[in-house]
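J.: here's a sequence, model it:
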Amino acid sequence: MDLLLIRHGQSEANSKGLLISNRLDGLTIDGQKQASRLKGLIAHEEINPTIIFSSPWLRAKSTAEQIFKNRLSDIRFDERLAETNPGIFGSWLEVDFNKEFPDFYQDLSNVYESGESHLGMASRVKQWVDDTLLPLQEESGLLAVVTHGGPISVITQHLLGMEIEERYPSFTVPNASMSVMKWRNDLRRFVVHYIGRTA
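T.: The predicted structure is shown next:
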């Protein structure tokens, strides 16, 4: 089972430079256009996922529903694919948070007040990989995941055997981009085909 990772289009929080935001953060007009262009690229290349998963957060959900408009009933939403919950800091500008808490990211177990830690997010995303993707790895087909930048880095690092606790994120991808990892049966592992491709 090959893997297609799609990051949502530009969100309102992305355009304003906010820190992560929350599950209700929607796409900007530009973000909707980005998703539409990516849908066109996926159709042009005749990419047809066997299974589709998505984060239930609005910006990912809207992207998934736009790209896979003809397969809405096939989309499986899973909370484990959501971005890190920043708690009370979701409405903060990222630059202001970094000034106020310059050492926060030195320890990934640091928890955003009323939210979670990046390590907590990584743990649930890795659990999704172990429970959902890995049991299917030797089957034919393509599993698509529409999610956020953080989970995409975690999934990629986890499949490549890179310790998240030591380095996160190791992969940052643009809005409305797709990344592909292919299962190599001869190597018994996933390998990167490409990362962060946009339309």
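J.: neighbouring strands - and their directions - for the lengthiest strand in the chain?
T.: Identified as the longest strand of the chain according to DSSP state E is strand 189-198. According to DSSP bridges, strand 189-198 forms sheet pairs with strand 177-184 (antiparallel).
J.: now the partner strand: how far from the chain's centre is it?
T.: 13 Å (Cα atoms, centre = their mean, to the nearest Å).
J.: repeat that for stretch 146-157.
T.: So, by Cα atoms, centre = their mean, the centroid of stretch 146-157 is 4 Å from its chain's centroid.
J.: what of stretch 84-96?
T.: The answer for stretch 84-96 is 18 Å, by Cα atoms, centre = their mean.
J.: pull out the buried positions in the lengthiest helix in the chain.
T.: Secondary structure of the chain per DSSP state H: the longest helix is helix 29-44. Residues of helix 29-44 classed as buried by neighbour count (16 or more other Cβ atoms under 10 Å): 31-32, 34-35, 38-39, 42. Any C-beta I mention is one placed from the backbone N, CA and C, and that applies to glycine too.
J.: can you check stretch 160-171 too?
T.: Quick answer for stretch 160-171 (16+ other Cβ under 10 Å): 164, 168-169, 171.
J.: cool, and stretch 90-99?
T.: 90, 92, 97.
J.: what residue, apart from its backbone neighbours, is nearest the second one spatially?
T.: Which is residue 92. residue 19 (4.8 Å; Cβ to Cβ, 6 or more residues apart in numbering).
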